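Participant: Below are the sequence and a predicted model for it; my questions follow.
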Amino acid sequence: MTNSKNSLNIRKEYLKEKALIVAVFLSLLPHGEVYGFNKVKTANDYLDEAELIIEKNYMPLLEKKKGEKDKFLQLVNQSLKLEESARAYLYLGFVRHMAFDSDSYKDSVQYYKKAIELKPKYIRALVALSSAHTNGKNYQECMNSTNQVLKIDPQNKIAKRLEEDCQSSLDQHNLNECMKDYEVLWHREPKNKVVLKKIDECMVELGQKS
């Protein structure tokens, strides 16, 4: 009986010592890491957080509400410090796309192209690139980008709409170029016979009229 009690006491002391060792070890760790509360963020975690800022629309990047644009940029740059990704460059393109200053078109195009370079069939970046080319009045490049999207996803509604807009703008631009020598008369007398004849000639030349 005495031996059993002694064994039990020894067992209890052993468990206390073991618990103490574990407690000391845990106390040396930063609070929360033991349970995974301070999980180290990945590059995608930062981008997911940035995505929440533009989840409904891109207005925060335009209006700079509550420092959201700065926060968005900070998150994207933190992601890029960990890993270069197509998604991060797409987001940088969004920021410059929404700036609407003298260099924003060129900058956004470069970021979108970088995203596509890393991920060639990245539909989101290809659509954004088409839109940027529209803003820059580079309609042929816009057509090239939308064509790439439609090869990947023939039913993409945004790409279809952009393609129609770009084609219409490109046709109008080409017609204006063709009518350049008649521009003054065209605006002053749009129904003038000479003007109408030249318009017909231009339409045939541009393949817009059979």
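Facilitator: Thanks, I have the structure now.
Participant: Can you list the residue ranges for helices in this structure?
Facilitator: All helices of the chain, identified by DSSP state H, fall at 2-27, 43-53, 59-63, 68-82, 86-97, 104-118, 123-135, 139-152, 157-178, 183-188, 193-205.
Participant: mean pLDDT lowest for which of the ones you listed?
Facilitator: When mean pLDDT is averaged over each of the helices of the chain, helix 2-27 scores lowest at a mean of 51.
Participant: The residue most central in space within the chain and residue 167, how far apart?
Facilitator: With distances taken as C-alpha atoms, centre = their mean, residue 90 lies nearest the centre of the chain, 3.3 Å away. Residue 90 sits 25 Å away from residue 167 when distances are taken as C-beta to C-beta, to the nearest Å. All C-beta atoms are positioned from the backbone trio N, CA, C, and that covers glycine.
Participant: ok, now residue 116?
Facilitator: Using C-beta to C-beta, one gets 22 Å for the distance from residue 116 to residue 167.
Participant: Those two: which is more packed in?
Facilitator: Neighbours were tallied for residue 116 and for residue 167 using other C-beta atoms under 10 Å; the higher tally belongs to residue 116 (22 against 14).
Participant: That one: what's it in contact with?
Facilitator: Under the criterion of C-beta atoms under 8 Å, 6 or more residues apart in numbering, the contact partners of residue 116 comprise 86, 122, 125-126, 129.
Participant: Kindly report the same for residue 75.
Facilitator: Taking C-beta under 8 Å, 6+ apart as the criterion, residue 75 is in contact with 46-47, 49-50, 53.
Participant: Give me the nearest residue to it, chain neighbours excluded.
Facilitator: Using C-beta to C-beta, 6 or more residues apart in numbering and skipping residues adjacent in sequence, the residue nearest residue 75 is residue 50, 4.0 Å away.
Participant: Tally up the residues packed near the one you found, please.
Facilitator: Taking other C-beta under 10 Å as the definition, residue 50 ends up with a neighbour count of 24.
Participant: That one and residue 125, how far apart?
Facilitator: For residue 50, the distance to residue 125 equals 15 Å [C-beta to C-beta].
Participant: Can you tell me how far residue 106 is from residue 73?
Facilitator: Plainly put, residue 106 is 18 Å away from residue 73 if you go by C-beta to C-beta.
Participant: who's more crowded, these two?
Facilitator: Legend: neighbour count by other C-beta under 10 Å for residue 106 and residue 73, higher for residue 73 (15 against 12).
Participant: got the contact list for the residue lying closest to that one once chain neighbours are set aside?
Facilitator: Residue nearest to residue 73 in three dimensions, not counting chain neighbours: residue 95, with 6.1 Å by C-beta to C-beta, 6+ apart. With C-beta under 8 Å, 6+ apart as the criterion, the residues that contact residue 95 are 61, 69, 72-73, 76.
Participant: Same question for residue 160.
Facilitator: For residue 160, the residues meeting the contact criterion (C-beta under 8 Å, 6+ apart) are 146, 150.
Participant: Outline the domain layout of this structure.
Facilitator: Taking automatic domain parsing as the domain assignment, the ranges for the chain are 2-35, 101-173, 179-210.
Participant: Of these, flag the one that's most buried.
Facilitator: Among those, the stretch with the highest mean neighbour count (mean count of other C-beta atoms under 10 Å) is domain 101-173, at a mean of 18.
Participant: Kind regards, and thank you for your time.
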